[in-house]
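>>> A predicted structure for the sequence below; I have some questions about it.
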Amino acid sequence: MLGLDPTGQNKMFVELKELVKDKNQDLQWRETARWIGFEEDVEEETERWRRPHIASLSFHSLLELQKLLSHGVVLLDLKQKTLPDIAQQVVEQMVITDQIKSEDRAHMLRTLLLPHSHSSDQQDHSWFSRNISAASLSSLMEIHNGQSELCTKVTNRSEADVNKNEGRSKHDGKLMDKIQERAEATVILVGMN
């Protein structure tokens, strides 16, 4: 099985997050599925995790994946380690390949850096978003002159998120127990127009 080493430990963790509106009609990235050896989905009604199961792909999904790999932005082996730095690289590549206009750069970056949430408890439990530092966000946003308002808002939110998430929650502990040390992690962000 993909992602398992010979001892049966999970060497890969994948989060699927969708761009949704919260109860205040603000956009955020909400975790809707994850793969730790098996697929787990969030039930919309109860916002609880369903039992792990073996996922199957439809032929249509495989065609969409082929199209994404052929025409989308795929960046492998980046030196960047934080979500803001990776988002910056993705946006720059989207501009270079004419997927977005240069003037849409700040809007796309702002969308990619929207808050991340876990479905069951409305707190931010994303392993990736905790790695955002206020300093890296500030330096990232200084690259684009005229974006100081975005820089201030995102930096202030990031500092609050770091303070809020200093201790590991019960959710984090259970989740981290399932993932082998030094496992690779992936986050997939899905947003519709």
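Looks like it arrived, so ask away.

>>> residue 71: neighbour count?
Using other CB atoms under 10 Å, residue 71 has 10 other residues around it. (C-beta placed from N, C-alpha, C; glycine too.)

>>> what's the span of stretch 20-28, first residue to last?
One end of stretch 20-28 to the other measures 6 Å (CA to CA, to the nearest Å).

>>> how about it: buried residues?
Applying a neighbour-count criterion of 16 or more other CB atoms under 10 Å, one finds 20, 28 buried in stretch 20-28.

>>> over to residue 35. Which of the three states is it?
Here residue 35 is strand, with the state taken from DSSP: H, G, I helix; E, B strand; the rest coil.

>>> same thing with residue 89?
Classification of residue 89 using three-state DSSP returns helix.

>>> quick one: it and residue 78 touch, right?
Yes - Residue 89 lies in contact with residue 78 (CB atoms under 8 Å); the separation is 5.9 Å.

>>> which one of those two has more residues nearby?
Neighbours were counted for residue 89 and for residue 78 using other CB under 10 Å; residue 89 has more, 14 against 10.

>>> let me see the contact set for that one.
By CB atoms under 8 Å, 6 or more residues apart in numbering, residue 89 lies in contact with 75, 78, 80.

>>> switch those residues over to TSV; also include secondary structure and distance to residue 40.
Shown next, in TSV, are the contacts of residue 89 (DSSP: H, G, I helix; E, B strand; the rest coil; distance: CB to CB, whole Å):
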residue	secondary structure	distance to residue 40
75	coil	27
78	coil	27
80	coil	28
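
>>> could I get those residues as TSV with distance to residue 118 and pLDDT?
Below are these laid out as TSV (distance: CB to CB, whole Å; pLDDT from 0 to 100):
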residue	distance to residue 118	pLDDT
75	26	88
78	25	89
80	24	93
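
>>> ok, those vs residue 108, which is closest?
Distance to residue 108 across the contacts of residue 89 (CB to CB) is lowest for residue 75, with 14.6 Å.

>>> may I have the predicted confidence score for the nearest residue to the closest one once chain neighbours are set aside?
Nearest residue to residue 75, sequence neighbours excluded (CB to CB, 6 or more residues apart in numbering): residue 89, at 5.8 Å. On pLDDT, residue 89 comes in at 95.

>>> between the contacts of residue 89, which is closest to residue 58?
Of all the contacts of residue 89, the one sitting nearest residue 58 is residue 75; the distance, using CB to CB, is 26.4 Å.

>>> for stretch 46-65, measure first residue to last.
First-to-last residue span, stretch 46-65, CA to CA: 30 Å.

>>> list the buried residues in it.
residue 49.

>>> any idea of the mean pLDDT in that stretch?
The model assigns stretch 46-65 a mean pLDDT of 89.

>>> which outside residues touch it?
Under CB under 8 Å, 6+ apart, the answer for stretch 46-65 is 35, 36, 37, 38, 39, 40, 41, 42, 43, 119, 120.

>>> going along the chain, name the helices of this protein.
Per DSSP state H, the chain carries helices over the ranges 59-71, 83-96, 105-112, 134-142, 148-164, 170-178.
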